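**Student:** mind looking at a prediction? Sequence and model below.
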Amino acid sequence: MQAENRQEKNACQSPQAQVQSAYEGNIEFWERAWNMVKVPYTQLPSLSYIPRIPEVLQTKNVKRVLDLGCGSGWLSVYLARQGFEVVGIDVSAQAISLAETWALQEDLKIAFSVGDIADLPYEAGSFDAIVANSIFEHFPLESARAMANRVHEILTDDGIFIGCFDEVGGGPGEYFSLEDGTHVYTDKARKGMLLRRYSAEELASLFGHFKTMTSEPVDAGSTFLVASKS
């Protein structure tokens, strides 16, 4: 009912208010989705680029890593197994509970916390690296821009960002679009979820303030992006 009322209000709201309302619905969607998961799913996804993440981090002598939108913790666990000091943050309390259970099962020391990654609570220079797997796709463009700026700020002077951006935005489901093209889903299965596909130009703009940035297509048309401050 809340999502339906929000959709009706969106029609008469200003663009800025519409984005804020849609984002609140997005948070509600993820909390509902994760609340249906009762035990950690402890298998890694079959993605060809996963081994490349620690390889890139090792070339930069990374020690401390922040996993944005860590969910139930698969990437955090994977990197902790490789010897990195990992911090994971996600907006869903249930997702973090699952992640903590998984880390405990493997006796891994990972610092998980509940928080909105659109408002990261870390000081400048806190991390050697930040990773984000299929996360930015769930934010409107201006929120993503602010997040990219914040990522740059909380990295060390020679810090590195690694992200995977999925080729999303189509497929089954009903949605309406925000002014920036972000989809807001209204069908029962994904009601409230935000989803957007980033063009190569948008990604270049988001991470253009890094000293270097490379990107390339990987699984199913996704983009593997590495941006470094040095």
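**Tutor:** That came through, no problem.
**Student:** where does this protein have low pLDDT?
**Tutor:** The chain contains residues with pLDDT under 70 at 1-12, 169-172.
**Student:** tell me the centre residue of it?
**Tutor:** I135 (2.2 Å; Cα atoms, centre = their mean).
**Student:** so it sits against I117, correct?
**Tutor:** Yes - using Cβ atoms under 8 Å, I135 is in contact with I117, at 7.1 Å. Glycine gets a C-beta too; all of them are placed from N, C-alpha and C.
**Student:** shared neighbours, these two?
**Tutor:** Residues touching both I135 and I117 (Cβ atoms under 8 Å, 6 or more residues apart in numbering): L68, G69.
**Student:** apart from its neighbours in sequence, what residue is nearest the residue nearest to the centre of the chain?
**Tutor:** Distances taken as Cβ to Cβ, 6 or more residues apart in numbering put G69 closest to I135, at 3.8 Å, once the chain neighbours are dropped.
**Student:** which one's the longest helix in the protein?
**Tutor:** Assignment by DSSP state H gives helix 15-35 as the longest helix of the chain.
**Student:** which residues are contacting the following helix or strand past it?
**Tutor:** Per DSSP states H and E, the first helix or strand lying C-terminal to helix 15-35 is helix 52-59. Outside helix 52-59, the residues that touch it by Cβ under 8 Å, 6+ apart are 65, 75, 78-79, 82, 84, 128-129, 131, 160, 162, 224, 226.
**Student:** can you flag the buried ones in the residues you listed?
**Tutor:** V65, L75, Y78, L79, F84, D128, A129, V131, I160, I162, F224, V226 (16 or more other Cβ atoms under 10 Å).
**Student:** just those residues now: which is nearest Q43?
**Tutor:** Set against Q43, the nearest of those by Cβ to Cβ is Y78 (11.0 Å).
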